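S.K.: Here is my input; please provide its structure:
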Amino acid sequence: MQRTSVIQPTSTVQPVIVLEDSGNESAVWIVFRKMLFFTLLMTIAPLGSFFIAKDYVFQGIFHVSSGSSYTYSAIVAVIVVHIVLIAFLFAAFREDIPEKKKSITTGKDSTGKQD
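M.R.: Next up is the predicted model:
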């Protein structure tokens, strides 16, 4: 007599997969929003700082010549670009990734060693 086994599917696997997908989807949207914010900031902030510095600060307040005001305004715009880049790097490195922390702590507990 030949013995056969039938594996029946369970319904407990599907909700885990759905929750995992929704977690990844929300993480993707968080990253997308952050990237969109810094992309817009990278385009708007240097241009805005260039024209504001040129028209209102250097030509308006300090009465600098037109040629020199372009140079000084370009320097201001480059400084603003660097500030935005540093802010993006700071925000990127401060992202909290709880899955990595959990896997590190569970990996440490599974070795059986005590500190």
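S.K.: Go through stretch 41-53 and flag the buried ones.
M.R.: The neighbour-count check on stretch 41-53 (16 or more other C-beta atoms under 10 Å) flags 42, 45, 46, 49, 50, 53 as buried. All C-beta atoms are positioned from the backbone trio N, CA, C, and that covers glycine.
S.K.: Columns pLDDT, distance to residue 92 and secondary structure on top of these, output as TSV?
M.R.: Output for these, formatted as TSV (pLDDT from 0 to 100; distance: C-beta to C-beta, whole Å; DSSP: H, G, I helix; E, B strand; the rest coil):
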residue	pLDDT	distance to residue 92	secondary structure
42	97	14	helix
45	98	18	helix
46	98	20	helix
49	98	23	helix
50	98	26	helix
53	97	28	helix
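S.K.: Secondary structure element holding residue 92?
M.R.: Using DSSP states H and E, residue 92 falls within helix 66-93.
S.K.: Okay, now the unreliable bits of the protein?
M.R.: Along the chain, the parts satisfying pLDDT under 70 run over 1, 5-6, 8-23, 97-115.
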